[in-house]
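Give me a 3D structure for the following:
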Amino acid sequence: MLSLTSLDRYIFRLVIVPMLAVFAIAASLLILDKMLSLFDFVAVEGGPVGVVFQMLGLLIPEYASLAIPLGLMLGILLAFRSLATSSELDIFRAVGIGYFRLLRVPYLITLVLMGLNVAIVFYVQPLSNYYYQQLDYELRSGALGASIKVGEFNALADRMALRIEQSEDDGRRLRGIFARVQTESGDILSISAREGNFLATTDSPDTIILQLTDGTIIQDHRQGLDKMAPRVLSFTEHSLPIDLPQVEEFRARGNEEKEYILPELLRIGWSDSAPEVARDGSQASFTFRLVEVLTMLFMPLMAVALGIPPKRSSSALGVFVSIILVVAFHKVNEYGRDVAALGIASPWLTQWGPFAVFVALLLWMFYQVAYIPGGQPLGFLEKAFSKISKLVLSIFRLRRRKLREESREGTDPDMQAARAE
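So this is what the prediction gives:
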């Protein structure tokens, strides 16, 4: 049984706090960005507000597949950056504690998060993607009980158009109602009412009743080719049955490769009886997910390599470079998946190739820090960044000095008198 020492517990506390903070921040930013567009979409479609939170919940697994590796890497990076800037890392190295010993707890955390990410990308995320598309379809088709859009003509079934001026009490009270109905015999009914409300029926779930109050019915009666004078009726209460449109059932899961779970990907991707397009798509999707998970094994090495700043420096350049590397590799992997799914190239070239290059880069950066005295994989970037920072600061100092001199000249009486002469 593996026992954790006080050093391991100390490193665990240094890693877990920033890691959880990154998880929370990344998830919040991604969800808030999507929430605005979902609220607009649901408002346009006239659906219930609660469906927004259901759709956001179904998007969490997709966001987690990227937030977990990013949070893991930044948690370890900030922990080792704290050790380096406080000189604790030098003390550990001086007493013979190497980087791999310090990485024991970070790698235990990595293995746990890898298992979680395997469950997410191979099982949870495919199902959540499918149910998200199902909610989107039901919202567009009106199967979620989309409300009548106020101030617009709404076509119901094939024989009715309805317009509501005002809606109160979450749609329970409707005001300014106008309806145009065509009967089976060809008559046209133009109905206007002061107010009304919808009532459900127990005998026919596909029909609802629009209970109207204080209105007028104009019946345009036609008999053959002859047109008779319209009849006008006033009513105190009138019940108007409305047939709900039939909604087709949503498609079965599996229309896209990202909706397949792991056993389905393996069965289709390496089946001789499956179409070539389906095999290419399944193999590309399987490789994409596997590469995303395996990349997490090398996140601690990159975190150490980029988290330790140069001596006598507190530069945070490594933090920004690490985020750029993780996001850029994720996008390259997505592009490789799409190319491989089209059958243009093999996943060995489009996905395993960039993975091998990325891993080689991370191993080289870690070797520079761990085995070369004073080695810095981003040394040239640090020097360039330092020069640019000094140049920008000098420009601001000169500008501030110039403004100060101008203000001093503007308040000097002798200078004002010289200008006046």
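
Spatially nearest residue to Leu103, not counting backbone neighbours?
When the adjacent residues along the chain are set aside, Leu103 lies closest to Pro300, with 5.3 Å between them (Cβ to Cβ, 6 or more residues apart in numbering). No exception for glycine: its C-beta is placed from N, CA and C like everyone else's.

Looks to me like that neighbour is in a strand.
No: following the definition DSSP: H, G, I helix; E, B strand; the rest coil, Pro300 is helix and is not counted among the residues of a strand.

The stretch 101-250 of the chain: helices as residue ranges?
104-119, 125-141 (DSSP state H, counting those that start in this stretch).

sorry, that was for the stretch 301-421 of the chain
Ranges of helices within the stretch 301-421 of the chain are 317-341, 347-350, 352-371, 379-411, 413-420, based on DSSP H, counting those that start in this stretch.

And those: which comes nearest Ser87?
helix 352-371 (16.0 Å; Cβ to Cβ).

how far out from the middle of the chain is the closest one?
Centroid displacement of helix 352-371 relative to its chain, using Cα atoms, centre = their mean, to the nearest Å, is 29 Å.

Quick check: buried residues in it?
354-355, 358-359, 361-362, 365-366, 368-370 (16 or more other Cβ atoms under 10 Å).

now the helices of the stretch 101-250 of the chain in CSV, with mean pLDDT?
Conversion of the helices of the stretch 101-250 of the chain to CSV gives the following (pLDDT from 0 to 100):
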stretch, mean pLDDT
helix 104-119, 95
helix 125-141, 83
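
So which of those is nearest Phe396?
Taking Cβ to Cβ as the criterion, Phe396 comes closest to helix 104-119 out of the helices of the stretch 101-250 of the chain, the separation being 39.3 Å.

orientation of that closest one relative to helix 299-307 in degrees?
Put simply, helix 104-119 runs at 130 degrees to helix 299-307, going by axes from the mean of the first three to the mean of the last three Cα atoms, to 10 degrees.

How many residues are close by Arg312?
One way to gauge burial is a neighbour count; for Arg312, by other Cβ atoms under 10 Å, it gives 5.

Same check on Pro275?
Pro275 has 10 neighbours, counted by other Cβ under 10 Å.

For it, what are phi and psi?
Per-residue torsions, Pro275: phi -60, psi 150 (degrees, to the nearest 10).

Please report the distance of Asp272 from Val118.
With distances defined as Cβ to Cβ, to the nearest Å, the gap from Asp272 to Val118 amounts to 27 Å.

Now for the protein: which helix has the highest residue count?
Taking DSSP state H as the criterion, the chain has its longest helix at helix 6-45.

Who are the packing partners of that one?
Judged by 3 or more Cβ pairs under 8 Å, 6 or more residues apart in numbering; DSSP states H and E, helix 6-45 is in contact with helix 50-85, helix 104-119, helix 125-141.

Please tell me how far that helix is from the chain's geometric centre.
Between the centre of helix 6-45 and the centre of its chain there are 11 Å (Cα atoms, centre = their mean).
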